[in-house]
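pasting the structure only:
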C-alpha cells in the first residue's frame, strides 16, 4: 500500500478508464475522489456501481459534468440527468438486477468466470444470455465483471491499509475492492495500526494499492 | 374512497401476514407503510437491501446519521440487535431464500400471478434495482397495490409490461380484494371493507376463481 495525494491518485486514472465505485445512493461513495475526477476532467469513463445517486451528489457529479460514457448499474431512477443522457444517446446504460450486479463483481474479484442465477429468467434480462439446466432448475449464466480501478471509501483505514466500514456505508465497497486492477481508497479516519481489531477488519490491507492522504 | 384510506387498508391488511421472527423486505411506496401497522407484540426483522437488518423508523429531528439510510437513501434508525453487511450478503439473503417475505408495489399483476413492476418502455426506465432478485428469491412475495390505476384494471389477463420474474407472486392485497394465485390461477380470498364480490370482478380484467365463502377483510 502506498500513501498518495488526492491529485496524484486521480492522475493515475486515464480518460476512458473503467471505474468500480463504492456507495449506495451516495452513501459510502468516495466523494473526494469524485470531486477530483471532475476537477481533472477525466472523460469517457465507464462507471460500474449500484446507482448514479442524484444530481450533485456522489456519482451524480460525474454525470452532471458529462464525464461518463457508459454506466453499468442496477438503478438510475432517482437521477433524472442520467436518464436524460441515456435517452439522448450521450451515455450508454446497462441495467442489471442488483443481486446479479454485485455477484458478477464478486465473481470478478474471487477468480470466478461468472455465476448461475435464477434472477432474470423469463424477463428481458435473459435476452442474449445462455440458460443452463442444472439439478432440475434453470439458471442464467452471468459473466464476471472487473474494472481498471476500484475507488472506495472506508470509515477507518490504518497505516497499513486495513479497512473497516460503518452502518450502511459498506454496501459495494468491500466487494469492488477485490475486482479491479488498482484500488484507490479514501478513509474518513486514518488511524494507527492496531486500532482496528483483527476481527473488525473487513478489507485486508494487501488489497489496497493506494490510500489517499487526509487533510 | 380517498387515496390515503385505500393505502392504509392495504398496509394494515398486509401487516397481519407478518409474524415474530420473520425477515421482511419492504419496497417503496405503500409497502413502506406496512411497518406502521404491525402490532407491538409482533417483532419483525426488516431488511434494507443496502445492507441493514433491523431497520427502524425515521429518526427524530437532529438524530439522523448520513451513513445510516434505507435503500432509497433516506435516513432511518437501527433497532437494538440490528446488523450491517455488504451488498453481496444482502442479496445472498434475498436470492438464497433467507428473506421470509417481501412486500412490493406493482404496475400490473396477471391471472397467473406474474408481476410487472419495474419498467414502462419509452416512459419509465429506472432500472430494476433489487426487485427481480426479491421476487425470484424471497420465500413469500406479497403485492401491495391499489386495485385500479385511473379507473383501469391493474390485475390483467396477461401482463403487457416487461415482467419482473418468471416466479408468480403469492398474495395480492388491494383496497378492494385479497387475491392468491394457487395452481396458476387467481382466486379471490377476501373483499375490501364495504366492497362486494361483483365490484371486485368488475374492476378486475383477469378471471377470478370465486370460492363459496369470500369474507370481508378483517383489519
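Noted; the coordinates are in hand. The model shown is predicted, which means the values in this text are computed figures rather than measured ones. Numbering: from 1, shown residues only, chains lettered A, B, ... in the order given.

which SS class is the nearest residue to residue B:219 once chain neighbours are set aside?
Excluding its sequence neighbours, the residue lying closest to residue B:219 (Cβ to Cβ, 6 or more residues apart in numbering or on different chains) is residue B:12, at 4.9 Å. For glycine as for every other residue, the C-beta is placed from the backbone atoms N, C-alpha and C. Secondary structure assignment for residue B:12 (DSSP: H, G, I helix; E, B strand; the rest coil): helix.

pretty sure residue B:12 is touching residue B:218, no?
No - counting by Cβ atoms under 8 Å, residue B:12 does not reach residue B:218; the two are 9.8 Å apart.

and these two? Which one has more around it.
Set residue B:12 next to residue B:218 and count neighbours by other Cβ atoms under 10 Å in any protein chain shown: residue B:12 wins out with 18 against 9.

burial count for residue B:113?
Counted with other Cβ under 10 Å, residue B:113 comes out at 23.

nearest to chain A: which residue in chain B?
residue B:126 (2.5 Å; Cβ to the nearest Cβ).

can you give me the helices in chain A?
A:6-11, A:31-39, A:59-64, A:80-87, A:98-109, A:173-176 (DSSP state H).

and chain B, by the same measure?
Using DSSP H, helices in chain B cover B:3-15, B:30-33, B:87-95, B:131-137, B:197-202.

of all those helices, which one is nearest residue A:23?
Proximity to residue A:23, assessed across the helices of chain B by Cβ to Cβ, is greatest for helix B:87-95 (10.4 Å).

pull out the buried positions in that closest one.
For helix B:87-95, burial by neighbour count (16 or more other Cβ atoms under 10 Å in any protein chain shown) applies to B:87-95.

among the residues you listed, which are within reach of chain A?
The subset of those lying close to chain A, counting by Cβ under 8 Å from any Cβ of the partner chain, consists of B:87-88, B:90-91, B:94-95.

can you convert the residues you listed into a markdown table and add a column each for pLDDT?
Output for these, formatted as a markdown table (pLDDT from 0 to 100):
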| residue | pLDDT |
| --- | --- |
| B:87 | 98 |
| B:88 | 98 |
| B:90 | 98 |
| B:91 | 98 |
| B:94 | 98 |
| B:95 | 97 |
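
return the member of these nearest to residue A:212.
residue B:87 (22.8 Å).

could I get the contacting residues of that closest one?
Neighbour list for residue B:87: A:24, A:50, A:98, A:102, A:171-172, A:175, B:49-51 [criterion: Cβ atoms under 8 Å, 6 or more residues apart in numbering or on different chains].

now swap in residue A:129 and tell me
Residue A:129 makes contact with A:120, A:140-142, according to Cβ under 8 Å, 6+ apart.

also near chain B: which of those, exactly?
Within those, those near chain B by Cβ under 8 Å from any Cβ are residue A:120.

ok, which pair from the contacts of residue A:129 is furthest apart?
Farthest-apart pair in those is A:120 and A:141; separation 10.7 Å (Cβ to Cβ).

so which of the two has more stuff around it?
Each of residue A:120 and residue A:141 has its neighbours counted (other Cβ under 10 Å); residue A:120 has more, 27 against 13.

show me what the worst-scoring helix or strand of chain B on mean pLDDT is packed up against.
None of the helices or strands of chain B scores lower by mean pLDDT, DSSP states H and E than helix B:3-15, at a mean of 88. Using 3 or more Cβ pairs under 8 Å, 6 or more residues apart in numbering or on different chains; DSSP states H and E, the elements in contact with helix B:3-15 are helix B:30-33, strand B:140-144, strand B:171-173.

residues making contact with that helix?
Taking Cβ under 8 Å, 6+ apart as the rule, helix B:3-15 contacts B:30-31, B:33-34, B:36-39, B:103, B:142, B:144-146, B:173-175, B:178, B:192-193, B:217, B:219.

7 Å - rerun?
Helix B:3-15 has contacts (Cβ atoms under 7 Å, 6 or more residues apart in numbering or on different chains) with B:30, B:33-34, B:36-38, B:103, B:142, B:144, B:146, B:173-175, B:178, B:192-193, B:217, B:219.

contacts only, for the residue in chain A positioned nearest to chain B.
Closest to chain B within chain A is residue A:77: 2.5 Å, counting by Cβ to the nearest Cβ. By Cβ under 7 Å, 6+ apart, the contact list for residue A:77 reads B:126-127.

let me see the confidence value for the closest residue to residue B:185 other than its chain neighbours.
Residue nearest to residue B:185 in three dimensions, not counting chain neighbours: residue B:209, with 5.5 Å by Cβ to Cβ, 6+ apart. We have a pLDDT of 96 for residue B:209.

near chain B, which residues of chain A show up?
Neighbours of chain B within chain A, by Cβ under 7 Å from any Cβ of the partner chain: A:24-28, A:50, A:73-77, A:83, A:95, A:97-99, A:102-103, A:106, A:117-125, A:166-172, A:174-175.

list the residues that contact residue 161.
You didn't pick a chain, so chain A it is. A:1, A:205, A:208, A:211.

please refer instead to chain B.
B:107-108, B:116, B:119-120 are the contacts of residue B:161 under Cβ under 7 Å, 6+ apart.

ok, residue A:43 touching residue A:67?
Yes - at 5.5 Å, residue A:43 and residue A:67 qualify as touching, with contact defined as Cβ atoms under 7 Å.

give the buried residues for the worst-scoring helix or strand of chain A on mean pLDDT.
The least trusted helix or strand in chain A, going by mean pLDDT, DSSP H and E, turns out to be helix A:80-87, with a mean of 95. Buried residues in helix A:80-87, defined by neighbour count with 16+ other Cβ under 10 Å: A:81-83, A:85-86.

same check, this time on stretch B:206-216
Quick answer for stretch B:206-216 (16+ other Cβ under 10 Å): B:206, B:208, B:214.

if I pick the last one, what's in contact with it?
This means residue B:214. B:188-191, B:197.
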